[in-house]
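Peer 1: sharing a model that was predicted from the sequence below.
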Amino acid sequence: MARDTANDTLIESRDQLVASIEVGCKPKDRWRIGTEHEKLPFYRDGDRPVPYEGPNGIEAVLKGMESLLGWEPIYDAGNIIGLVDPTGGGAISLEPGGQFELSGAPLPNIHRTCRETHAHLAQVREVAEPLGIGFLGIGMSPKWSRAVTPMMPKQRYRIMANYMPKVGSKGLDMMFRTTTIQVNLDFSSESDMVRKMRVGLALQPIATALFANSPFTEGKPNSFLSYRAEIWRDVDNNRSGMLPFAFEEGFGFERYVDWALEVPMYFVIRDGRYIDMTDTTFGAFLKRPGANGHSNLEPTMGDWLNHLSTLFPDVRLKTFLEMRGADGGPTRRICALPAFWTGLLYDEEALGAAEELTADWSDAEREGLRNHVPKTGLATPFRQETVLQIARRAVEIARLGLNNRGEMSTGGFTEAEYLAPLEETLALKRTPAEELLAQYRTRWGGSVEPLFTEYAY
């Protein structure tokens, strides 16, 4: 999750909230690609979860990364909980169960993104290996129960952990046991945002199928290919999902703001202290400052920006668009995810083709894909075909878009080469999860333990 924001500017009108998103509009020559990925830390001795505390804990990894990189530490109530690059814009943060996240710098092409990924993973290994810690590239913790999974010392996570069971059955699993790969992409105008939002939402289940990589829970198959995506179906439907209103006439920045105002808050921050605000929506907070018994609270832009970061739709709008549908996975797929979406959304010909592919899909059809893909992946029926055929066309469009961009590597190839893992998936006609299950049933002898060797970074 993003670093929480401090901005004491008081909110005086709804227009400020709209402007806080609209300021993200950028000309095409300033569009960037920000890739995020999470990974599961584990002790190589016994494939056990890694706590925050102790000489060989997550805190030690963060302090080691601070020494290695020279990045600025981020503290929460005296605990180091992240690092930020003051020059490049990247950051390292912790998810609730210790998932170790790189929020990559905004970069101009996938070549740079992939180099950043490889450098980060090498740096993490340099620090973590002497501590006996490895990191796993998969969409969900394959072995540990929630009871043995540690909780990181971030104040916001205590508030979320108390609130999640009130609004869904799987919120704690999402927090403590899942990982993702995500890409953040720019838009040039409100109309450009709307086009990208709609394509992103419609094709998010296709990305889920291509990247499905979470078939195990507590050491056994869980009957899903992307259990992470299944979890998201019952986390908190007030703040997540497919946003059907995004396909309505007149959708834009104001409509997204109006939706966000009706979503319950998590917290506000005052003097480093997180105050629980889960009993009020942001709109109600604006109308009656001092909600939740805190008479001295007035809504600030920092409160609003933090609230935007606690909304979880399949495509999230801030000053950029976040594609949120993919499971965590191995290194090549960390590069493939931004390649897929950059190819679809950053070239006009490709964006038009993606719009044409999805233009006549109904709300019910989009929701049906989201509901069924977690279990059946590429085999999910859609009209007279399956998701496999749609995914083939989507990847072909992404390849077109990346080739049109013409961003060449020093070795002389385009960004389209990073789609290779997806094209392999399509050729095999099976998801990464199905490959894992095949190994589990044969070579691994019904054990998930080999994952911690074969799928470690």
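Peer 2: Yep, it's here.
Peer 1: how much space separates F282 from N7?
Peer 2: As judged by CB to CB, to the nearest Å, F282 and N7 stand 15 Å apart. C-beta: built from backbone N, CA, C; applies to glycine.
Peer 1: what about these two, which has more around it?
Peer 2: Using other CB atoms under 10 Å as the criterion, F282 and N7 rank with F282 on top: 25 against 13.
Peer 1: do I have it right that the more buried one meets F267?
Peer 2: No: between F282 and F267 there is no contact under CB atoms under 8 Å: 11.5 Å.
Peer 1: now stretch 51-65, how far from the centre of its chain.
Peer 2: 24 Å (CA atoms, centre = their mean, to the nearest Å).
Peer 1: and if you look at stretch 426-438?
Peer 2: For stretch 426-438, the distance to the chain centre is 22 Å (CA atoms, centre = their mean).
Peer 1: what does stretch 320-335 give?
Peer 2: Per CA atoms, centre = their mean, the displacement of stretch 320-335 from the mean C-alpha position of its chain is 7 Å.
Peer 1: what is the mean pLDDT for it?
Peer 2: Confidence for stretch 320-335, expressed as mean pLDDT, is 98.
Peer 1: which SSE is R125 in?
Peer 2: In this assignment (DSSP states H and E), R125 forms part of helix 110-128.
Peer 1: can you check S93 too?
Peer 2: The secondary structure element spanning S93 is strand 91-94 (assigned by DSSP H and E).
Peer 1: pull up the pairing partners for that strand, direction included.
Peer 2: When pairing is defined by DSSP bridges, strand 91-94 lines up against strand 79-84 (antiparallel), strand 100-103 (antiparallel).
Peer 1: give me whichever of those is most buried.
Peer 2: The highest average neighbour count among the strands paired with strand 91-94, using mean count of other CB atoms under 10 Å, belongs to strand 100-103 at a mean of 22.
Peer 1: give me the residues contacting that strand.
Peer 2: The contact list for strand 100-103 (CB atoms under 8 Å, 6 or more residues apart in numbering) reads 1-2, 34, 36-41, 58, 61, 90-95, 116-117, 120, 124, 135.
Peer 1: go again using 7 Å as the cut-off
Peer 2: 2, 36-39, 41, 90-95, 120, 135 (CB atoms under 7 Å, 6 or more residues apart in numbering).
Peer 1: JSON lines for these, including neighbour count, distance to W304 and pLDDT?
Peer 2: Shown next, in JSON lines, are the contacts of strand 100-103 (neighbours: other CB atoms under 10 Å; distance: CB to CB, whole Å; pLDDT from 0 to 100):
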{"residue": "A2", "neighbour count": "18", "distance to W304": "14", "pLDDT": "47"}
{"residue": "E36", "neighbour count": "23", "distance to W304": "22", "pLDDT": "98"}
{"residue": "H37", "neighbour count": "29", "distance to W304": "27", "pLDDT": "98"}
{"residue": "E38", "neighbour count": "23", "distance to W304": "25", "pLDDT": "98"}
{"residue": "K39", "neighbour count": "27", "distance to W304": "31", "pLDDT": "98"}
{"residue": "P41", "neighbour count": "23", "distance to W304": "33", "pLDDT": "98"}
{"residue": "G90", "neighbour count": "21", "distance to W304": "24", "pLDDT": "96"}
{"residue": "A91", "neighbour count": "20", "distance to W304": "20", "pLDDT": "97"}
{"residue": "I92", "neighbour count": "24", "distance to W304": "25", "pLDDT": "98"}
{"residue": "S93", "neighbour count": "22", "distance to W304": "20", "pLDDT": "97"}
{"residue": "L94", "neighbour count": "27", "distance to W304": "24", "pLDDT": "98"}
{"residue": "E95", "neighbour count": "22", "distance to W304": "23", "pLDDT": "98"}
{"residue": "H120", "neighbour count": "21", "distance to W304": "30", "pLDDT": "98"}
{"residue": "F135", "neighbour count": "22", "distance to W304": "34", "pLDDT": "98"}
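Peer 1: am I right that F42 sits in a helix?
Peer 2: No: judged by DSSP: H, G, I helix; E, B strand; the rest coil, F42 forms no part of a helix; its state is strand.
Peer 1: how close does it get to L337?
Peer 2: Taking CB to CB as the measure, F42 and L337 are separated by 23 Å.
Peer 1: the two: who's more crowded?
Peer 2: Neighbours were counted for F42 and for L337 using other CB under 10 Å; L337 has more, 30 against 23.
Peer 1: pretty sure that one is touching G328, no?
Peer 2: No: applying CB atoms under 7 Å as the test, L337 and G328 come out as separate, 9.8 Å apart.
Peer 1: hey, what's in contact with both of these two?
Peer 2: By CB under 7 Å, 6+ apart, the residues touching both L337 and G328 are I181.
Peer 1: tell me the pLDDT of N292.
Peer 2: 58.
Peer 1: and the one 3 residues further on, by the same measure?
Peer 2: In the prediction, the pLDDT value recorded for S295 is 63.
Peer 1: okay if I get the contacts of strand 100-103 as TSV plus distance to Y274?
Peer 2: Shown next, in TSV, are the contacts of strand 100-103 (distance: CB to CB, whole Å):
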residue	distance to Y274
A2	15
E36	22
H37	26
E38	22
K39	26
P41	24
G90	24
A91	19
I92	20
S93	16
L94	15
E95	17
H120	28
F135	28
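Peer 1: tell me the one among those nearest to N296.
Peer 2: The closest of those to N296 turns out to be A2 (CB to CB; 26.2 Å).
Peer 1: give me the contact list for the strand holding S93.
Peer 2: Strand 91-94 is contacted from outside by 1, 3, 58, 65, 81-85, 100-103, 152, 154, using CB under 7 Å, 6+ apart.
Peer 1: again with stretch 226-233
Peer 2: Outside of stretch 226-233, the residues within contact range by CB under 7 Å, 6+ apart are 139-140, 170, 173-174, 178, 208, 212-215, 217, 224, 240, 327, 371, 373-374, 433.
Peer 1: do stretch 127-138 as well
Peer 2: Counting contacts by CB under 7 Å, 6+ apart, the residues outside stretch 127-138 that touch it are 39-45, 50, 56, 60-61, 64-65, 68, 100, 124, 179, 213-214, 328-331, 451-452, 455-457.
Peer 1: weed out the non-buried ones from those.
Peer 2: Neighbour counting by 16 or more other CB atoms under 10 Å classes 39-43, 50, 56, 60-61, 64-65, 100, 124, 179, 213-214, 328-330, 451-452, 455-457 among the contacts of stretch 127-138 as buried.
Peer 1: in the helix holding R125, which residues are buried?
Peer 2: 110-114, 116-117, 120-121, 123-124, 127-128.
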